[in-house]
Structure formats: C-alpha cells, structure tokens
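Peer 1: A structural model of the following input is requested.
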Amino acid sequence: MMKPYAYWILPSPVGDLLLVNDGEGLCRLQFQDGAHPNTIDPQWKKQRNPFTAVVKELEAYFAGQLRRFTIPVSLNGTVFQRAVWRALQTIPYGKTVSYGAISKKIGNPNASRAVGAANGQNPVSIIVPCHRVIGSTGKLVGYGGGLSIKTALLELEQGRR
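Peer 2: Now for the predicted structure:
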C-alpha cells in the first residue's frame, strides 16, 4: 500500500519551499525557485495540517530565532547517504565544514566526492543543513537550490542578513 503523501508550498525569504510528508515525517524540502524545482505528484494531497510544526520552525529559523530543528524527518537513502545526512545534522548553526571533514567524521576519509554526491541528494534541505558544507578551499561550491540560496542561508545564520 502506498504511503499517503501530503504537500504544502511555503513562501520563504529564499523563495517557495515544497514540503512533502510521507506520513512518518517530513521527507522532502525542496527549493521551487532554485535550480531544480520539483514537480508535484498528482496523487499527493495539498494539506497544511501535517506541516504546522514544520512551518512554525521554518518561520522561526528565517526570523533568526531558531538554531536547531526538532521536527521529525523521514530520510530514505542508502546506508552511506543516511550516514552523511546524520553528520550534516551535527554541523553547528552558523558554521561551515568541508566535504573532507564530513568524510572523516563518517569514518571514510577518502570519500569527499561521494560525500558531495550524498550532500546533493539530501531530500530535506535547510533542516538537514547541507548548505553548511563548503569546498576545501573555503569556497561555496554546488548547491541544489543554487549558490545564491546557499549564500543567503549562510548569511542569515551568520547574522549578516
């Protein structure tokens, strides 16, 4: 039996966010105004109710009042991807780390490129803070929503916005 997916579009300072819930938690947060907007499956139901807590936390985050998300997420991926996504959730608010640092943290120091690929497949942006991962030289590299959104999120967290 298929899970009852619900979705909501949330306007935000970085554009519209597509929120998707699979009945267990938030399973997707995608930038609709970014480089890779998602299409909405016609079988999904547009409902605000499953997203009340998510919307509240995201609004507090964008207002600079929330540093750590507590809402349940439902992350489906490979064992490696889930390890990377768990490591991303340990990066402190307003800080950045390199792909190499994440690969060391998960016990696979030569996997920087694979970490980059897993980072790019993160289904729950912002809440699983893939925007906090930067290149080894300190440059902002790659972001599913586009570098302008990555920059905006980092500036928000660093109090420059």
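Peer 1: ok, and the closest non-adjacent residue to Lys105?
Peer 2: Leaving out its chain neighbours, the residue that sits closest to Lys105 by CB to CB, 6 or more residues apart in numbering is Ala87, at 4.8 Å. Glycine gets a C-beta too; all of them are placed from N, C-alpha and C.
Peer 1: what's the burial count for the one you found?
Peer 2: Residue neighbour count, defined by other CB atoms under 10 Å, stands at 22 for Ala87.
Peer 1: before we move on, what SS does it have?
Peer 2: helix (DSSP: H, G, I helix; E, B strand; the rest coil).
Peer 1: Touching, Asp41 and Pro4? I think so.
Peer 2: No - counting by CB atoms under 8 Å, Asp41 stays clear of Pro4, with 11.9 Å between them.
Peer 1: When those two are compared, which one has more neighbours?
Peer 2: A count of neighbours by other CB under 10 Å puts Pro4 above the other of Asp41 and Pro4, at 13 against 10.
Peer 1: And that one, how far from Pro50?
Peer 2: According to CB to CB, to the nearest Å, Pro4 stands 9 Å off from Pro50.
Peer 1: Same question for Lys139.
Peer 2: According to CB to CB, Lys139 and Pro50 sit 38 Å apart.
Peer 1: The two: who's more crowded?
Peer 2: Pro50 (20 against 8).
Peer 1: need the contact list for that one.
Peer 2: Contacts of Pro50 were listed using CB atoms under 8 Å, 6 or more residues apart in numbering, and they are Ala6, Trp8, Asn21.
Peer 1: where do the helices sit along this protein?
Peer 2: Along the chain, counting by DSSP state H, helices occupy 52-62, 79-88, 99-105, 112-120, 147-157.
Peer 1: between those, which one is nearest to Cys27?
Peer 2: Closest of the helices of the chain to Cys27 is helix 52-62, at 11.1 Å (criterion: CB to CB).
Peer 1: Just give the closest residue to the residue positioned nearest the centre of the chain, not the sequence neighbours.
Peer 2: Against the mean C-alpha coordinate of the chain, by CA atoms, centre = their mean, the closest residue is Ser125 at 1.2 Å. The shortest distance from Ser125 to any residue other than its chain neighbours is 5.2 Å, reached at Leu29 (CB to CB, 6+ apart).
Peer 1: All set now, cheers.
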